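Asks: coords below, sequence missing:
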């Protein structure tokens, strides 16, 4: 019979909750927990090189599976390394439990070696943060933490001193099912009636979709059809709404493209569906309705004519019978034409001389990557210019997933996210779209990929520059400074870590190189040497234009192709009835 320590009780409860792995770095205050993992079937310790990466990996696993994921950090620096990844998980709505071990309980408050106050440190990046000071608090407090993480789609942190983890458990572990299926929020009849009245009264309706439409694709399409409404989306909403969408007019925000901004600002009524879009300057700040299952999101980004508290799917199902079919499609058809035209004017940026352009156009490389990737691939995307290429070139189909630090915006997220994705789905194609700046920041995680033989395909857009920072300086009218760095051969570094790798410097080699990577049964890194001047900006900017460029660029297309988005826009024009 096992010696039932508090640590063992903790691991047993995690197994009851379906947890299969803990991401972290071993350390003395975590020894009891790590040893309990060793002795327990069905759960493994995924050793990473930095606790930040462990938290990011857990965040990706939780977002992809919808299940609880777990990471851990030892006392002091081990805890503080977790913070970046936990901020990302919290803001992304990922159900993650972080085990933050602590110094010996009798030393707390003495300034002991590696002493921090984790119950204070983690408060801002978690929904629940409590310390287990005595064995008597278990298993109750752990089960509360797990249910809070799952119920609120948020981070829970459990702080536990090493000596408490090693102590004998005093209460039986028992069993208890976690509630994993959430109820649906249906708006009150008064809100549904008001929503229907506004939809019926407006001549030009525009729908703007966020990640909250993930299970409401059919309902959004039905509303667009009835209301003759163009559909725009956020970056997080792209994967859920852009496919099979004859009403698509692109994306808004600093990475936006197409006619989304124009459609929004010309509409008589804008309907925000499941989005907490943070860039309020891009919203019209008038004539707006918002539907969201989180009542606290209503009205915090824009002035509302009406707030509707409900799940997008349930709300639309309830309101659709009340919505009158609009016969006048002129506004929708005009926006579809404008969208196609706006894409036509920029697509040449990545097609002209692309076969001969050295360094490689990153737009071209991204379009080839999109073409060759599996239909159910998981893409993890670094913050920075990789976000641009993902937003413009990855084609959603309802099966692909795209994970990024889209709300917290941390660098170096792509490879750790890929570790979590690949751990959760060992046989699925996982592609890390890494920038050279991001990969350089957490490059040690290549060793994690090799250690666990994860078949992650790391595609490095290597332009020897912090491209997004350079762009930010440009739009502020500042000269670029300290954004460029010396060239790095990431393929050589990967090979030194035991990972198969190639370096591609010529565009004619891109297709063959990516095919080689995808065919390889194991981890593979492709080092793409790309043009540092490809910043997705108009090629000619006068001094007078610089001041307003940040806003103007985001409301149209930042020059540089849009891959299959143009094909989609052209196809949608066929839906416009001919006179």
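Replies: The structure has been received and is ready for your questions. Model, not experiment: these values are computed from the prediction.

Asks: for the rest of this, base every contact and every neighbour count on C-alpha atoms.
Replies: Will do.

Asks: surely residue 116 meets residue 74?
Replies: No. With contact defined as CA atoms under 8 Å, residue 116 does not reach residue 74; the gap is 11.2 Å.

Asks: what's the weakest-modelled helix or strand in the chain?
Replies: Sorting the helices and strands of the chain by mean pLDDT, DSSP states H and E puts helix 543-555 at the bottom, at a mean of 42.

Asks: need the strands for the stretch 51-200 of the chain, in chain order.
Replies: With DSSP state E, counting those that start in this stretch applied, the stretch 51-200 of the chain shows strands at 69-73, 96-102, 128-131, 155-161, listed in chain order.

Asks: now render these as JSON lines, adding mean neighbour count and mean pLDDT.
Replies: Formatted as JSON lines, the strands of the stretch 51-200 of the chain follow (neighbours: other CA atoms under 10 Å; pLDDT from 0 to 100):
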{"stretch": "strand 69-73", "mean neighbour count": "30", "mean pLDDT": "98"}
{"stretch": "strand 96-102", "mean neighbour count": "30", "mean pLDDT": "97"}
{"stretch": "strand 128-131", "mean neighbour count": "20", "mean pLDDT": "97"}
{"stretch": "strand 155-161", "mean neighbour count": "28", "mean pLDDT": "98"}
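
Asks: tell me the pLDDT of the most centrally placed residue in the chain.
Replies: The residue lying closest to the centre of the chain (CA atoms, centre = their mean) is residue 404, at 3.1 Å. On pLDDT, residue 404 comes in at 96.

Asks: just to revisit the earlier point, out of the strands of the stretch 51-200 of the chain, which gets nearest to residue 518?
Replies: With CA to CA as the criterion, residue 518 lies closest to strand 69-73 of the strands of the stretch 51-200 of the chain, at 27.4 Å.

Asks: ok, that closest one: who's next to it in the sheet?
Replies: Applying DSSP bridges, strand 69-73 is found paired with strand 21-24 (parallel), strand 96-102 (parallel).

Asks: OK, contacts around the residue nearest to the centre of the chain?
Replies: By CA atoms under 8 Å, 6 or more residues apart in numbering, the residues touching residue 404 are 380-383, 413-414, 417.

Asks: what's the answer for residue 125, then?
Replies: Contacts of residue 125 by CA under 8 Å, 6+ apart are 83, 86-87, 90, 155.

Asks: which of those residues has the most neighbours?
Replies: Highest neighbour count within the contacts of residue 125: residue 155, with 35 neighbours (other CA atoms under 10 Å).

Asks: is it in contact with residue 86, as I believe?
Replies: Yes. Between residue 155 and residue 86 there is a contact at 7.0 Å, judged by CA under 8 Å.

Asks: what do those two both touch?
Replies: Counting by CA under 8 Å, 6+ apart, the contacts common to residue 155 and residue 86 are 125-126.

Asks: surely residue 229 and residue 206 touch.
Replies: Yes. Between residue 229 and residue 206 there is a contact under CA under 8 Å: 5.0 Å.

Asks: tally of neighbours for residue 512?
Replies: Neighbours of residue 512 under the rule other CA under 10 Å: 10.

Asks: for my notes, confirm it occurs in a helix.
Replies: Yes. According to DSSP: H, G, I helix; E, B strand; the rest coil, residue 512 belongs to a helix.

Asks: and it, what's its pLDDT?
Replies: Model confidence at residue 512, given as pLDDT, is 97.

Asks: what's the answer for residue 460, then?
Replies: On the pLDDT scale, residue 460 is placed at 97.

Asks: now it: which helix or strand?
Replies: strand 457-462 (DSSP states H and E).

Asks: pull up the pairing partners for that strand, direction included.
Replies: Strand 457-462 has the following strand partners under DSSP bridges: strand 430-435 (parallel), strand 524-529 (parallel).

Asks: give me whichever of those strands is most buried.
Replies: Comparing those by mean neighbour count (mean count of other CA atoms under 10 Å), strand 430-435 ranks first with a mean of 29.

Asks: state the mean pLDDT of that one.
Replies: Rounded mean pLDDT across strand 430-435 is 97.

Asks: so residue 526 bridges to which residues?
Replies: Here residue 526, judged by DSSP bridges, has bridge partners residue 459, residue 502.

Asks: contacting residues for residue 359?
Replies: By CA under 8 Å, 6+ apart, the contact list for residue 359 reads 505-506, 529-531.

Asks: farthest-separated two in these?
Replies: Every pair of those checked by CA to CA; the farthest is 506 and 531, at 11.1 Å.

Asks: between those two, which contacts overlap?
Replies: Jointly contacting residue 506 and residue 531 under the rule CA under 8 Å, 6+ apart are 358-360.

Asks: secondary structure and distance to residue 29 added to the residues you listed, as JSON lines?
Replies: Output for these, formatted as JSON lines (DSSP: H, G, I helix; E, B strand; the rest coil; distance: CA to CA, whole Å):
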{"residue": "358", "secondary structure": "coil", "distance to residue 29": "52"}
{"residue": "359", "secondary structure": "coil", "distance to residue 29": "49"}
{"residue": "360", "secondary structure": "strand", "distance to residue 29": "48"}
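
Asks: looking at those, which is nearest residue 35?
Replies: Using CA to CA, these come closest to residue 35 at residue 360, 49.0 Å.

Asks: test my guess that that closest one contacts residue 527.
Replies: No. Residue 360 is not in contact with residue 527 according to CA under 8 Å; the separation is 11.4 Å.

Asks: in which helix or strand would I find residue 302?
Replies: Applying DSSP H and E, one finds residue 302 in no helix or strand.

Asks: count the neighbours of the closest residue to residue 316 other than its chain neighbours for me.
Replies: Leaving aside its chain neighbours, residue 316 sits nearest to residue 219 (6.0 Å; criterion: CA to CA, 6 or more residues apart in numbering). By other CA under 10 Å, the residues close to residue 219 number 18.

Asks: so which strand or helix has residue 219?
Replies: Going by DSSP H and E, residue 219 is in helix 217-227.

Asks: hey, where'd the helices end up in the stretch 351-500 of the chain?
Replies: Ranges of helices within the stretch 351-500 of the chain are 362-372, 385-393, 414-424, 436-441, 445-451, 467-475, 490-496, based on DSSP state H, counting those that start in this stretch.

Asks: lowest-confidence stretch among those?
Replies: Sorting the helices of the stretch 351-500 of the chain by mean pLDDT places helix 467-475 lowest, at a mean of 65.

Asks: hang on, the earlier thing: if the residue nearest to the centre of the chain is in a bridge, with which residues?
Replies: residue 381.

Asks: so how far is residue 522 from it?
Replies: Counting by CA to CA, to the nearest Å, the separation of residue 404 from residue 522 is 23 Å.

Asks: in stretch 60-80, what counts as buried?
Replies: Neighbour-count burial for stretch 60-80 flags 60-64, 67-76, 78-80 (criterion: 16 or more other CA atoms under 10 Å).

Asks: before we move on, what about stretch 121-140?
Replies: By neighbour count with 16+ other CA under 10 Å, stretch 121-140 contains the buried residues 122, 125-132, 134-135, 138-139.
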